[in-house]
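> The sequence isn't on hand, but the structure is:
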Ligand SMILES: Nc1ncnc2c1ncn2[C@@H]1O[C@H](COP(=O)(O)OP(=O)(O)O)[C@@H](O)[C@H]1O
Ligand SMILES: [Mg+2]
């Protein structure tokens, strides 16, 4: 494998005394994209939140570029290279789209121009306030806002959730392009397993807080019965 960009070793984490994740081991290489799939409530969001430092880490270690970040505050993890697209999107409603991007800008290859190139819709809506944007536009903005912070690892939590199929297709094309050309290491959490397996060459299945599969997406695509056993009835 290329450089180990992100590494989780024996991670046990949750909320206060409550343990949600057990024995999580995961290595992400440079430019690698992996999807995390699994039923509702198995701990997908908790896993991304744990990488960001939003949960209680009971034991284990999280390293970024070989450096232990387990004890760092969230903003220090962002400075160290993590970009986070939360499930709730968390757009500032009273700021314009442009301002939402400006507040997250850190120096690097991603600029307002390159974000607008990836998502032309955002350029057209730049002067609209956050609360005037559609769900799809808010999702694109949430991704753009993470990118403009110029991370090396991008964590995305269910970008397709609640969006119309035509918007999901548009978003999927952009995420695929990111995966193939941006050089970023990406973790994509998705309920929509068809989409996840299509975008990412590697898949991780979570079940009740544990990793029960980590391998080529192809393996699950070619074996619908196995996939269904892992995550329930697969959406068409
Ligand atoms: N803030 C929280 N405090 C306590 N428990 C939580 C919190 N958020 C989620 N959980 C619990 O953690 C488990 C995993 O949730 P989550 O990571 O959101 O699952 P997923 O993203 O896979 O749907 C669930 O049992 C959920 O109820
Ligand atoms: Mg979730």
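Ah, there it is. The model shown is predicted, which means the values in this text are computed figures rather than measured ones. Ligands and ions are numbered 1, 2, ... in the order given.
> Can you pull the residues of the protein lying near ligand 2?
Residues of the chain lying close to ligand 2 by Cβ under 5 Å from the ion are 44, 45. (C-beta placed from N, C-alpha, C; glycine too.)
> change it to 6 Å
Contact residues (Cβ under 6 Å from the ion) of the chain with ligand 2: 44, 45, 87.
> Of these - the most surrounded one?
Counting by other Cβ atoms under 10 Å, residue 44 has the largest number of neighbours within those, with 24 neighbours.
> Give me the distance between it and residue 211.
11 Å (Cβ to Cβ, to the nearest Å).
> the longest helix in this protein is where?
Ordering each helix of the chain by length in residues (DSSP state H) puts helix 165-181 first.
> Residues in contact with that helix: which ones?
Contact with helix 165-181 is made by 33, 118-119, 134-136, 139-140, 143, 147, 154, 156, 159-160, 163, 184, 186, 188, 192, 195, 198-200, as judged by Cβ atoms under 8 Å, 6 or more residues apart in numbering.
> give me every residue that touches the single nearest residue of the chain relative to ligand 2.
Nearest residue of the chain to ligand 2: residue 45, at 3.2 Å (Cβ to the ion). Contacts for residue 45 (Cβ under 8 Å, 6+ apart) come out as 87, 157, 189.
> Neighbours of residue 143, how many?
24.
> I'd like the distance between the residue nearest to it when sequence neighbours are not counted and ligand 1.
Among residues not flanking residue 143 along the chain, residue 85 sits closest, at 5.3 Å (Cβ to Cβ, 6 or more residues apart in numbering). Look at residue 85 and ligand 1: by Cβ to the nearest ligand atom, to the nearest Å, they are 14 Å apart.
> how many neighbours does residue 85 have?
23.
> go on, the one 4 residues further on?
In terms of burial, residue 89 registers 21 neighbours under the definition other Cβ under 10 Å.
> Just to be sure, it is in a helix?
No. Assessed by DSSP: H, G, I helix; E, B strand; the rest coil, residue 89 does not belong to a helix; its assignment is coil.
> who's in contact with it?
Shown in contact with residue 89 (Cβ under 8 Å, 6+ apart): 138, 139, 141, 142.
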